[in-house]
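Colleague: Below is the structure, and that's it, no one-letter string:
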Ligand code: NAD
């Protein structure tokens, strides 16, 4: 059932997923205060919302407490964190701080306003999973000191803090474990698979596949992810709940499909796999399906066409 939120604080709202979430909340007549320090996001992502009544953008780093004297919130969403391997390799301490201090400040703010709190966690908490597909009950297999650990462990800590807040302070909290999401407004050069392949295919450059391309990913179009986040916010569930697309694909298959949709003749080039890169990643979404009545609706072809069109700055032709 849909709740009505009067006023939401979206931390990390000028990022890829955050900007889409701000849009959807405004469409639901929720006022939105978007807080961001633009470390990986940009005001450009929400520039089109600048004139929309009820929308406000505030530059702030959530690793420091945020005090807003402008009114009450009934929803606080914490999305603030570098999210691509390239960004968190460049910003290791900032990433740990966003998960630790950022989550603490966001939880305190939600508590002081009596707001529902939603944490954007990640499938990376499962690490290189030994169980497949991943259910929320799986505890994961994470290297605590490897190059990816700054992100994985920050999110695991953020989950632990959120769960403790729920148990010990009766907080109204929810944890979403988001799996790979793609769509318009991803940065073409942040190193994530889909925008990288699209950029390379459009430029006629080789599509660089890390490893042998047999590793699998499950990719979810951003509109579906945002619908899932809102369904969880609307519910009373604390989570964690997997939000992702369970259609598992080989990386080489995704690269080939992008090349075909772009109409490119780019060759494929295999480069060494990233350290601790998971071989398989696929969500079990029975919990979200059964309890939130949520499941992805946008197929890979349509999602890729929308994303390609946005990078080309052309209307979508489905
Ligand atoms: P993004 O980098 O586009 O967005 C993150 C936003 O947070 C950016 O605008 C950035 O400037 C902001 N930010 C970072 N640190 C901050 C700080 N200290 N204070 C204020 N703002 C800060 O990434 P995204 O893909 O939109 O991811 C959003 C969230 O969803 C992240 O928490 C990420 O871990 C999670 N997530 C994303 C995916 C995905 O596939 N995109 C998958 C799993 C989880």
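Modeller: Thanks, I have the structure now. Here the structure is a predicted model, which means the values were calculated and not measured.

Colleague: Buried ones in stretch 121-130, by neighbour count?
Modeller: Within stretch 121-130, the residues scored as buried using 16 or more other C-beta atoms under 10 Å are 121-129. For glycine as for every other residue, the C-beta is placed from the backbone atoms N, C-alpha and C.

Colleague: right, and residue 207 touches residue 258 too?
Modeller: Yes - with contact defined as C-beta atoms under 8 Å, residue 207 counts as touching residue 258 (7.4 Å).

Colleague: what's the overlap in contacts for those two?
Modeller: Common neighbours of residue 207 and residue 258 (criterion: C-beta atoms under 8 Å, 6 or more residues apart in numbering): 197, 201.

Colleague: and the closest residue to residue 182 other than its chain neighbours, what helix or strand is that in?
Modeller: Once flanking residues are discounted, residue 182 sits nearest to residue 194: 4.2 Å by C-beta to C-beta, 6 or more residues apart in numbering. Using DSSP states H and E, residue 194 falls within helix 193-203.

Colleague: and that helix, what other elements does it pack with?
Modeller: strand 207-210, helix 251-262, helix 300-312 (3 or more C-beta pairs under 8 Å, 6 or more residues apart in numbering; DSSP states H and E).

Colleague: Between the ones you listed, which one is closest to the ligand.
Modeller: Among these, helix 300-312 comes nearest to the ligand, with 12.3 Å by C-beta to the nearest ligand atom.

Colleague: and the closest one with helix 193-203, angle?
Modeller: If you take axes from the mean of the first three to the mean of the last three C-alpha atoms, to 10 degrees, helix 300-312 sits at 60 degrees to helix 193-203.

Colleague: now helix 300-312, how far from the centre of its chain.
Modeller: Put simply, helix 300-312 sits 18 Å off its chain's centre (C-alpha atoms, centre = their mean, to the nearest Å).

Colleague: Is it in proximity to the ligand?
Modeller: No - shown here: helix 300-312 not in contact with the ligand (C-beta under 6 Å from any ligand atom), separated by at least 12.3 Å.

Colleague: coming back round to it: from residue 262, how far out is the residue nearest to residue 182?
Modeller: Going from residue 194 to residue 262 by C-beta to C-beta, to the nearest Å gives 12 Å.

Colleague: that older thread, who touches the residue nearest to residue 182 in this structure?
Modeller: Residue 194 touches 182, 186, 219, 254, 258, 304, 307, counting by C-beta under 8 Å, 6+ apart.

Colleague: Can you name the residues of this structure sitting close to the ligand?
Modeller: Going by C-beta under 6 Å from any ligand atom, the residues of the chain near the ligand are 11-12, 14-18, 36-41, 61-63, 79-83, 98, 102, 120, 122, 178, 180-181.

Colleague: Among these, which are located in helices?
Modeller: 16-18 (DSSP state H).

Colleague: Tell me which stretches of the chain form helices.
Modeller: 16-27, 85-90, 92-97, 103-113, 149-169, 193-203, 222-234, 251-262, 286-292, 300-312.

Colleague: and the second one, what does it pack onto?
Modeller: If contacts are counted by 3+ C-beta pairs under 8 Å, 6+ apart, helix 85-90 sits against helix 149-169.

Colleague: who's in contact with the helix it packs on?
Modeller: Helix 149-169 has contacts (C-beta under 8 Å, 6+ apart) with 78, 81-83, 85, 88, 92-93, 95-96, 98-100, 102-104, 107, 111, 117, 119, 121-122, 124-125, 127, 140, 142-144, 171, 173, 175, 238, 240.

Colleague: filter those residues to the buried ones?
Modeller: Using 16+ other C-beta under 10 Å as the threshold, 78, 81-83, 85, 88, 95-96, 98-100, 102-104, 107, 111, 117, 119, 121-122, 124-125, 127, 140, 142, 171, 173, 175, 238, 240 are the buried ones among those.
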